[in-house]
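> No sequence on hand, only this structure:
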Ligand code: 3NM
């Protein structure tokens, strides 16, 4: 993957979208210029079985049309079955070494919260790490308390070559602080799902980024 793909990383599942079709919302976000997409179908009302896989394939097809990497959260079997571009895992999911073995050279993203987790991700050739939640979030029920930008800054100084995406409660108004701390990009759910003007939201985020495409 290219480091700049992390610039504006949109994460979505049906549970994040209200009063509109999630596929239409994804298409608007792709048209507006998101640079990476994560399929994250979670929660008590999440799709299952055939509907789950069909929804994943619809999202994947749209991402392919816009040449945007399609990443699957947690579900390595789904990612392999449909030929996703990559997988993102948290610390409660499969361990990093096993994930890397299973997916070969597909993109591997790992959420990390400490120096130790960061080192393990690097040792097993994670392509990027996610650090968060930077700010309070309502989109992840089991999120840890907000960690601010200190660890992000530390990780960036320790491993300047490592692509890092910041996550958790990031909005157009606070994104500058994570870019300043060294993030290559921001990963967001609600900032886009709840936006009244996705094109404006996307262009605001991308104008704040250090990466100029
Ligand atoms: N992972 P929003 S925070 C999916 O800290 C996710 O690892 C997090 O959603 C982590 O942009 C989070 O609405 C939710 O805050 C991000």
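Alright, I've got the coordinates. These numbers were taken from a predicted model, which means no experiment stands behind them.
> in the top helix by length along the chain, what's buried?
The longest helix of the chain (DSSP state H) is helix 49-65. For helix 49-65, burial by neighbour count (16 or more other C-beta atoms under 10 Å) applies to 52-53, 55-57, 59-60, 62-63. Bear in mind the C-beta positions are built from the backbone N, C-alpha and C, glycine included.
> Dump those to TSV, plus pLDDT.
Formatted as TSV, these follow (pLDDT from 0 to 100):
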residue	pLDDT
52	98
53	98
55	98
56	98
57	98
59	98
60	98
62	98
63	98
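> Columns distance to the ligand on top of those, output as JSON lines?
Formatted as JSON lines, the buried residues of helix 49-65 follow (distance: C-beta to the nearest ligand atom, whole Å):
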{"residue": "52", "distance to the ligand": "18"}
{"residue": "53", "distance to the ligand": "21"}
{"residue": "55", "distance to the ligand": "18"}
{"residue": "56", "distance to the ligand": "17"}
{"residue": "57", "distance to the ligand": "21"}
{"residue": "59", "distance to the ligand": "16"}
{"residue": "60", "distance to the ligand": "19"}
{"residue": "62", "distance to the ligand": "20"}
{"residue": "63", "distance to the ligand": "18"}
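> Contacts only, for the nearest residue to residue 171 once chain neighbours are set aside.
In space, and not counting its chain neighbours, residue 171 is closest to residue 191: 5.2 Å by C-beta to C-beta, 6 or more residues apart in numbering. When contacts are counted by C-beta atoms under 8 Å, 6 or more residues apart in numbering, residue 191 touches 170-172, 201, 205.
> so which strand or helix has residue 191?
Using DSSP states H and E, residue 191 sits in helix 190-193.
> near the ligand at all, that helix?
Yes. With C-beta under 6 Å from any ligand atom as the criterion, the ligand is reached by helix 190-193 at 190-191.
> got it, and stretch 162-178?
Yes. Stretch 162-178 reaches the ligand (C-beta under 6 Å from any ligand atom) through 167-170.
> quick one: furthest residue from the center of the protein?
The C-alpha centroid of the chain is most remote from residue 50, which lies 23.8 Å away (C-alpha atoms, centre = their mean).
> quick one: that one and the ligand, what's the gap?
Here residue 50 is placed at a distance of 25 Å from the ligand (C-beta to the nearest ligand atom, to the nearest Å).
> Looking at the strand or helix carrying residue 120 now, give me its mean pLDDT.
Assigned by DSSP H and E, residue 120 belongs to helix 115-123. Averaged over helix 115-123, pLDDT sits at 96.
> Okay, strands next: where are they in this protein?
Here the chain has its strands, by DSSP state E, at 8-12, 36-39, 70-73, 86-89, 107-112, 128-131, 164-167, 185-188.
> one step back: hey, what's the angle from the helix holding residue 120 to strand 107-112? Just curious.
170 degrees (axes from the mean of the first three to the mean of the last three C-alpha atoms, to 10 degrees).
> what comes up buried for helix 115-123?
Buried, per 16+ other C-beta under 10 Å, within helix 115-123: 117-118, 120-122.
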